[in-house]
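**Q** Next input, structure requested:
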Amino acid sequence: MSTELNIFAPVKDKLQACIHCGLCLDFCPTYRVTSEEMSSPRGRIYLMKAVADGELAIDDPLVIKHELSCLVCRACETACPSGVEFSLLMEHTREAILNNGSRGFIHQFIYTKVIGSKTITKAAQILLALLSKTRFPILFKKTFPIKSGLFSSIAILPEEIPFPTTRPDVYRTSKIVRRGTVGLLVGCIGDVFTKPINDATITVLNALGYDVLTLPEIQCCGSLAAHAGYLDQTRSLATKLLETIERNTIDAFITNIAGCGAMMKDYSSLLHDNLHSEAINKIKDISEFLLGHIEEIKQLGLRFNKHTRISYQAPCHLYHGQKNIDTPAQLLSLIGNANVSLLEENDICCGSAGTYNLEYPELSATLLRRKMELIAGNGSEIVATANSGCLMQLKSGLDGRQNNQQIYHFIEVIASIIY
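**A** Model prediction:
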C-alpha cells in the first residue's frame, strides 16, 4: 500500500462514518459560495475515500484544489447526525498532500520554522512595527484591492503594531483574597497583532483574584501547523506545551484564542494517548473559565455609563470546535446598561480561519462581506468576538464603511470597565 493510502489507516473507521446525507451542505461556507459538490464536506470525503481506495492520486489537481480550500471551520461537525470528525480527517488528508511534496519549500519553512520561533517572530515584529509607524499600510489598503496573500495580509494588519517587549513571568493580583494561579497562552503571534487582548485577559483574571503565569517556555499550540497538515510539528509543540503545564502548579491554563483552545482540547486524538489527560483538562477558554465565576464577576459592579447595544459574533472554533455557542454573550450580559444580542448566521465562518484569508483571499473576502452586511444591519455600537483572528478579519471589513461600530474581543469590553 502506498504512503498516500497508509495515511488514512489510523482514521479509516472515521472516514466510513459519513452516510452522505447532505445535511452539512447548507452549513459549509465554501459550498454556500461556490455551489460545487466537491467543495462541500460530503464531496471532500468522497475525494478522501477515492484516494484511500486507490482510485485517485493524492496529488490529483481535483484533490488538491478542494481539500486545501476547506476552512476547517467545523460547522459540518455541528450539523452532522453521524458524528463525523471532519477536522481530524482533513488534517490527515493535508498531511498526505504534504508528504507527497505538493506544498513547496516556502510553505514548509513558514509552518515548521517561522511559526513557533520566538526569534523569527521578534524580528518580523520589529519590521512590522516600523512599517506601522508610516502611512504605507493605510495607503496600500486604499490603493490596491485584495488579490493575493500579500495584499490581504497587509489589509488585515492592525494599524498599530507594538515593538517586542518581554512580559513578566507572573502578573500578581492585588486582591486581598487570592483565589489561585492560572497560566495564560500568550500565543506565538498574540502579542504581535493582538496584544491588548492578552492585556485585557490578565486585567480580568487579576481582578478576580488570580495570579497569571505567562509561561514563556511555551512557543505555540500548533493549531496553524495542524490545519496545514504538519502533524509531526504539531505533536512536538503539543507535547512541550503539556509538559510545561504539568511542571507548573496552576488551577487552569487559559486561552483567549478559540482556534488554539479547540486544538489543545483535541490533543489526546492528536497524540493517540491519554498520558497528559490531567493537563488537557486544565485547558479552558477564557469565557469558559469565567462562566464558573459569575458571582465574583457580579461583585465587580461592571456598568456602562449609558445604554449600549452589543452584538456577539461567535468564532467557529469556539462555536463548533468547543461547542461553546454563546458563553461570551452571557458574560457580556452581566454588564449594567448592556443590551446583548447574537449576530445572525453566527454558525457561519467570517472567512478568517487561521491563515485562510491569506491563502484564499477572494473567497475569504466574500464571506467577510456577508458578515459585515449582517453587522451593519444589526445596528449595535459594539461588536464583540472571542478570537484574535476573527477580530482582525472583522476590523479589516470596517475599512471604507460609513458607520461608527467598534469591534473588540469580548474580554477587552469587560476589562475596559473594571475600575
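
**Q** For residue 143, give me the pLDDT.
**A** Residue 143 carries a pLDDT value of 53.

**Q** With residue 100 instead?
**A** 80.

**Q** Relative to residue 274, how far out is it?
**A** Residue 100 sits 31 Å away from residue 274, going by C-beta to C-beta, to the nearest Å. Yep, even glycine has a C-beta here, placed from its N, CA and C like the rest.

**Q** Kindly report the same for residue 392.
**A** 35 Å.

**Q** Looking at the two, which one has more neighbours?
**A** Legend: neighbour count by other C-beta atoms under 10 Å for residue 392 and residue 274, higher for residue 392 (20 against 10).

**Q** element containing that one?
**A** helix 388-397 (DSSP states H and E).

**Q** again, but for residue 253
**A** Assessed by DSSP H and E, residue 253 sits inside strand 252-255.

**Q** can you check residue 77 too?
**A** helix 75-79.

**Q** now residue 304, what's its secondary structure?
**A** strand (DSSP: H, G, I helix; E, B strand; the rest coil).

**Q** does the residue nearest to it when sequence neighbours are not counted count as helix, strand or coil?
**A** Leaving aside its sequence neighbours, residue 304 sits nearest to residue 337 (C-beta to C-beta, 6 or more residues apart in numbering; 4.0 Å). For residue 337, the assignment made with three-state DSSP gives strand.

**Q** mind checking pLDDT for residue 337?
**A** So, for residue 337, pLDDT stands at 96.

**Q** ok, it touching residue 309?
**A** No. Between residue 337 and residue 309 there is no contact under C-beta atoms under 8 Å: 10.1 Å.

**Q** With neighbour numbers in mind, choose between these two.
**A** residue 309 (15 against 12).

**Q** Report the beta-bridge partner residues of the more buried one.
**A** Taking DSSP bridges as the rule, residue 309 bridges to residue 339.

**Q** who's in contact with it?
**A** With contact taken as C-beta atoms under 8 Å, 6 or more residues apart in numbering, residue 309 is in contact with 339, 341, 379-382.

**Q** out of those, which are inside helices?
**A** Using DSSP state H, no member of the contacts of residue 309 falls within helices.

**Q** Measure how far stretch 35-44 is from the centre of its chain, please.
**A** With C-alpha atoms, centre = their mean, to the nearest Å as the basis, stretch 35-44 stands 23 Å off its chain's centre.

**Q** Sorry, wrong one. I was asking about stretch 122-129.
**A** Centroid displacement of stretch 122-129 relative to its chain, using C-alpha atoms, centre = their mean, is 22 Å.

**Q** ok, how many other residues are close to residue 182?
**A** The tally of other residues near residue 182 (other C-beta under 10 Å) stands at 23.

**Q** quick one: strands adjacent to the helix or strand hosting it?
**A** Using DSSP H and E, residue 182 falls within strand 180-184. Paired strands of strand 180-184, with direction, are strand 210-213 (parallel), strand 252-255 (parallel) (DSSP bridges).

**Q** export these to a markdown table and tack on distance to residue 126, mean pLDDT and mean neighbour count?
**A** Formatted as a markdown table, those follow (distance: least, C-beta to C-beta, whole Å; pLDDT from 0 to 100; neighbours: other C-beta atoms under 10 Å):
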| stretch | distance to residue 126 | mean pLDDT | mean neighbour count |
| --- | --- | --- | --- |
| strand 210-213 | 26 | 98 | 23 |
| strand 252-255 | 26 | 98 | 25 |
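
**Q** Looking at those strands, which is nearest to residue 189?
**A** Relative to residue 189, the nearest member of these by C-beta to C-beta is strand 252-255, separated by 13.5 Å.

**Q** okay, which residue is most central for this structure?
**A** residue 259 (2.9 Å; C-alpha atoms, centre = their mean).

**Q** check which helix or strand covers it.
**A** helix 258-265.

**Q** quick one: buried residues of whichever helix or strand comes after that helix?
**A** As assigned by DSSP H and E, the chain's next helix or strand after helix 258-265 is helix 267-271. For helix 267-271, a neighbour-count test (16 or more other C-beta atoms under 10 Å) marks 267, 270-271 as buried.

**Q** Switch those over to CSV; also include pLDDT and distance to residue 40.
**A** Converted to CSV, the buried residues of helix 267-271 look like this (pLDDT from 0 to 100; distance: C-beta to C-beta, whole Å):
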residue, pLDDT, distance to residue 40
267, 94, 28
270, 89, 25
271, 90, 30
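
**Q** surely residue 80 meets residue 89?
**A** No. Judged on C-beta under 8 Å, residue 80 makes no contact with residue 89 at a distance of 11.5 Å.

**Q** tell me the mean pLDDT over the helix or strand hosting residue 317?
**A** Assessed by DSSP H and E, residue 317 sits inside helix 316-319. Averaged across helix 316-319, the pLDDT comes to 96.
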